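# need a 3D model of the following:
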Amino acid sequence: MATLRGIAYRLKAKGEMHTAELSNVTSQKGVEHDYRGHPHNRQVTVLSVEDWQRACGELKLDLHWTTRRANLLVEGIRFSSASVGKVIQIGSLHLQITRETDPCHRMEEAQSGLMKALAPDWRGGACCRVINGGHIAVGDTVEVIPQAE
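Numbers count the residues shown, from 1 in each chain. Sure thing, here's the model as predicted:
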């Protein structure tokens, strides 16, 4: 069973990442307090624990997951091109996967080699748009539904 392991947001562009134990996620603002949450196909970003560990393993480093600057950290789910269109359900929250989160130069600024380590196999995570908002908490069960209803 997949589980929500982390919630994070930033108050401004290039701002420090803040973590939370719970959050309200809406279709108008994304993750509560996150500056990037306005409606679009990259409203919420989701990172897989397993893929983050693979990327860090390549670098032989133990980096905190917020280095990736994703909003949600999930364990027990891996993303791929086949994920596009599927829906991540966390309680009443429904997020539709729209595309891969491509690693950018910010990852290289954070740690030399990180951008390259995140590039293969969707290790950088998935971009999502909010279909149905909801309250979430670290420890919640996460499911992937085949497609949006």
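# quick one: low-confidence parts of this structure?
Screening the chain residue by residue with the criterion pLDDT under 70, one finds the ranges 148-149.
# residue closest to the middle of it?
Per Cα atoms, centre = their mean, the C-alpha nearest to the average position across the chain is that of V46, at 1.5 Å.
# where's that residue, which helix or strand?
strand 44-48 (DSSP states H and E).
# what comes up buried for the helix or strand K116 falls within?
Following DSSP H and E, one finds K116 within helix 114-118. By neighbour count with 16 or more other Cβ atoms under 10 Å, helix 114-118 contains the buried residues L114, M115, A117, L118. Just so you know, the C-beta spots here come from the backbone N, C-alpha and C atoms, and that holds for glycine as well.
# ok, now stretch 123-140?
Applying a neighbour-count criterion of 16+ other Cβ under 10 Å, the buried positions in stretch 123-140 are 123-130, 132-134, 136, 138, 140.
# redo the residues you listed as a markdown table? Include secondary structure and distance to Y9.
Converted to a markdown table, these look like this (DSSP: H, G, I helix; E, B strand; the rest coil; distance: Cβ to Cβ, whole Å):
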| residue | secondary structure | distance to Y9 |
| --- | --- | --- |
| R123 | coil | 21 |
| G124 | coil | 18 |
| G125 | coil | 15 |
| A126 | strand | 17 |
| C127 | strand | 15 |
| C128 | strand | 14 |
| R129 | strand | 17 |
| V130 | strand | 14 |
| N132 | strand | 19 |
| G133 | coil | 15 |
| G134 | strand | 16 |
| I136 | strand | 12 |
| V138 | coil | 13 |
| D140 | coil | 17 |
